[in-house]
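Colleague: Pasting the sequence and the predicted coordinates here, then a few questions.
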Amino acid sequence: MSVPQDQLEATQVALVVHIALTQAEPGCLSFEVWPSAENPLIFHVKEAFIDGEAFADHQARAGASPWGQLTQGFAREYQTSGLDLSASADETFMHQALQLADHASEAGEVPVGAVLVRDGQVMGQGFNQPISGLDPTAHAEIIALRQAAQLHNNYRLPGSTLYVTIEPCLMCVGALIHARVARVVFGALEPKAGAVLSHPCLESYPSNHRFAVTPGVLGEICGQRMSRFFAARR
Ligand SMILES: [Zn+2]
């Protein structure tokens with residue numbers, strides 16, 4: 001992850017505690033963080049957990065810890081191993097997207113979170129923030145795509161998978177096509193504005209690119225986030 005210079009010292013202090021706590025977590029096989037040789041503001045994270053559930057538990061604890069708060073919103077690059085990626089990768093990354101959705105609802109935004117992944121590595125992440133950002137395009141998916149494109153210095157992101165808690169809208173489907181995203185994994189259907197399955201818009205669209213779709217991953221939890229948010233506002 002990349003840390004701003006003025007936060008470097010505080011980050012390094014919190015990091016020592018974070019590493020010790022993580023290594024003591026149940027299900028943690030190994031956990032290392034080290035600064036990049038080229039750029040001391042960039043940290044590499046290498047972690048191995050028994051399974052996706054242990055990794056998700058770690059993510060939940062780390063997100064709520066001083067370390068998570070300190071590094072909230074920073075670009076992260078992970079090297080994971082030891083996870084049962086074939087069976088649980090979709091759920092693991094959806095858990096990450098759910099945590100981002102929680103950031104959105106804390107800010108009074110509709111709780112949608114998105115994580116873009118390639119070869120098991122997080123390339124970009126985002127949460128919904130059109131109201132606070134005064135930006136109608138600031139959907140979680142768009143923010144994750146922008147972050148990944150800038151980080152990888154490429155406006156196209158072939159071979160990537162987007163995990164998003166709610167079925168993407170028309171604008172985001174368009175952006176996913178432009179970015180050449182290979183697969184879209186989403187949680188709950190969005191019956192009103194969903195443009196993948198609820199109101200499929202791609203069938204008649206003359207684009208050469210198509211993405212694969214995996215719906216319903218942690219769909220119930222993702223849907224509950226939405227209904228809880230709207231119930232609290234009523
Ligand atoms: Zn959207």
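Modeller: Yes, it's here. Keep in mind that what you see is a predicted model, and the values were worked out from it rather than measured. Residues are numbered from 1 along each chain as shown.
Colleague: Report the mean confidence score over the helix ranked longest in the chain.
Modeller: Counting residues, the longest helix found in the chain (DSSP state H) is helix 85-106. In this model, helix 85-106 has an average pLDDT of 85.
Colleague: which residues of this protein fall in strands?
Modeller: Per DSSP state E, the chain carries strands over the ranges 28-35, 43-49, 78-81, 113-118, 121-127, 161-166, 183-188, 212-214.
Colleague: Now tabulate those strands in JSON lines and tack on distance to the ion and mean pLDDT.
Modeller: (Each C-beta comes from the backbone N, C-alpha and C, glycine too.) Shown next, in JSON lines, are the strands of the chain (distance: least, C-beta to the ion, whole Å; pLDDT from 0 to 100):
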{"stretch": "strand 28-35", "distance to the ion": "33", "mean pLDDT": "76"}
{"stretch": "strand 43-49", "distance to the ion": "29", "mean pLDDT": "75"}
{"stretch": "strand 78-81", "distance to the ion": "25", "mean pLDDT": "62"}
{"stretch": "strand 113-118", "distance to the ion": "9", "mean pLDDT": "97"}
{"stretch": "strand 121-127", "distance to the ion": "11", "mean pLDDT": "96"}
{"stretch": "strand 161-166", "distance to the ion": "8", "mean pLDDT": "98"}
{"stretch": "strand 183-188", "distance to the ion": "11", "mean pLDDT": "96"}
{"stretch": "strand 212-214", "distance to the ion": "15", "mean pLDDT": "93"}
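Colleague: Save those as JSON lines, and put in mean neighbour count too.
Modeller: JSON lines is the format used below for the strands of the chain (neighbours: other C-beta atoms under 10 Å):
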{"stretch": "strand 28-35", "mean neighbour count": "15"}
{"stretch": "strand 43-49", "mean neighbour count": "19"}
{"stretch": "strand 78-81", "mean neighbour count": "14"}
{"stretch": "strand 113-118", "mean neighbour count": "27"}
{"stretch": "strand 121-127", "mean neighbour count": "23"}
{"stretch": "strand 161-166", "mean neighbour count": "30"}
{"stretch": "strand 183-188", "mean neighbour count": "24"}
{"stretch": "strand 212-214", "mean neighbour count": "13"}
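Colleague: Can you say which of those strands is nearest to A138?
Modeller: Across those, A138 has its closest neighbour in strand 121-127 (8.2 Å, C-beta to C-beta).
Colleague: interface residues of this structure facing the ion?
Modeller: Neighbours of the ion within the chain, by C-beta under 5 Å from the ion: H139, C169, C172.
Colleague: how much space between the spatially most central residue of the chain and M123?
Modeller: For the chain, V115 is the residue whose C-alpha lies nearest the centre (C-alpha atoms, centre = their mean; 2.5 Å). According to C-beta to C-beta, to the nearest Å, V115 and M123 sit 9 Å apart.
Colleague: For F186, give the beta-bridge partners.
Modeller: V164 (DSSP bridges).
Colleague: again with A212
Modeller: For A212, the beta-bridge partners are R183 (DSSP bridges).
Colleague: Same list (the strands of the chain) but as JSON lines, adding distance to V196.
Modeller: Converted to JSON lines, the strands of the chain look like this (distance: least, C-beta to C-beta, whole Å):
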{"stretch": "strand 28-35", "distance to V196": "36"}
{"stretch": "strand 43-49", "distance to V196": "31"}
{"stretch": "strand 78-81", "distance to V196": "27"}
{"stretch": "strand 113-118", "distance to V196": "13"}
{"stretch": "strand 121-127", "distance to V196": "18"}
{"stretch": "strand 161-166", "distance to V196": "10"}
{"stretch": "strand 183-188", "distance to V196": "7"}
{"stretch": "strand 212-214", "distance to V196": "6"}
